[in-house]
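A.B. asks: Just need the structure, nothing else, for what follows:
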Amino acid sequence: MSVVLISLFSLGLLASCDLGPDAPRGFSLPEGDIDAGKAVFLKYRCLSCHQLKGISQPGITDNPGLNVKLGGKSPQVKTYAQLVTAVINPSHKLAKGYPLATIQVEGKSKMTVFNEVMTVQELIDLVWFLQPHYELIPYQHTSYRHYGN
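C.D. replies: You can find the predicted model right below:
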């Protein structure tokens, strides 16, 4: 009986974690336009500090000290909410795999905050353009040798 109570209590705690104001629950991005998103990506010269396979832009001054890769293989789906957050609050989660000195100053991302420059529609289109560039890596189940009689 105590195992059932503990399980129910634990389940209740886990469920309540999704109810706070920071929860992504209820987030829904309207449909965007991928081609318009590419235009936004180029308009704001994102390639100055990012690289995205298959995308180039003449006249961009490459910043080798800050060239954060976008897209590619990922062990988890990159959600619209994560991508929106990365654009509107770049200091929320800094890119992994880069020396901190190259991507942040005094704990804040070096990425320009576009909140007062980019329209909501541009943000939507940009996210719709970026999301398909991420490829989900399927979970690789570990096979264990069966020990038995």
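
A.B. asks: those helices in the chain, which residues are they?
C.D. replies: Taking DSSP state H to define them, one finds helices in the chain at 2-16, 34-43, 80-88, 100-103, 120-130.

A.B. asks: In terms of mean pLDDT, which of those helices ranks lowest?
C.D. replies: Mean pLDDT is lowest for helix 2-16 among the helices of the chain, at a mean of 47.

A.B. asks: need the contact list for the nearest residue to residue 107 once chain neighbours are set aside.
C.D. replies: Spatially, and ignoring its direct neighbours in sequence, residue 107 is nearest to residue 91 (7.3 Å; CB to CB, 6 or more residues apart in numbering). The C-beta positions use only the backbone N, C-alpha and C, and glycine is treated the same way. Listed by CB atoms under 8 Å, 6 or more residues apart in numbering, the contact set of residue 91 reads 104, 107, 108, 109.

A.B. asks: Just the ones of these in strands?
C.D. replies: Among these, the members falling in strands (DSSP state E) are 104, 108, 109.

A.B. asks: can you list these in JSON lines and add neighbour count?
C.D. replies: As requested, the ones in strands among the contacts of residue 91 are exported to JSON lines (neighbours: other CB atoms under 10 Å):
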{"residue": "104", "neighbour count": "17"}
{"residue": "108", "neighbour count": "12"}
{"residue": "109", "neighbour count": "18"}
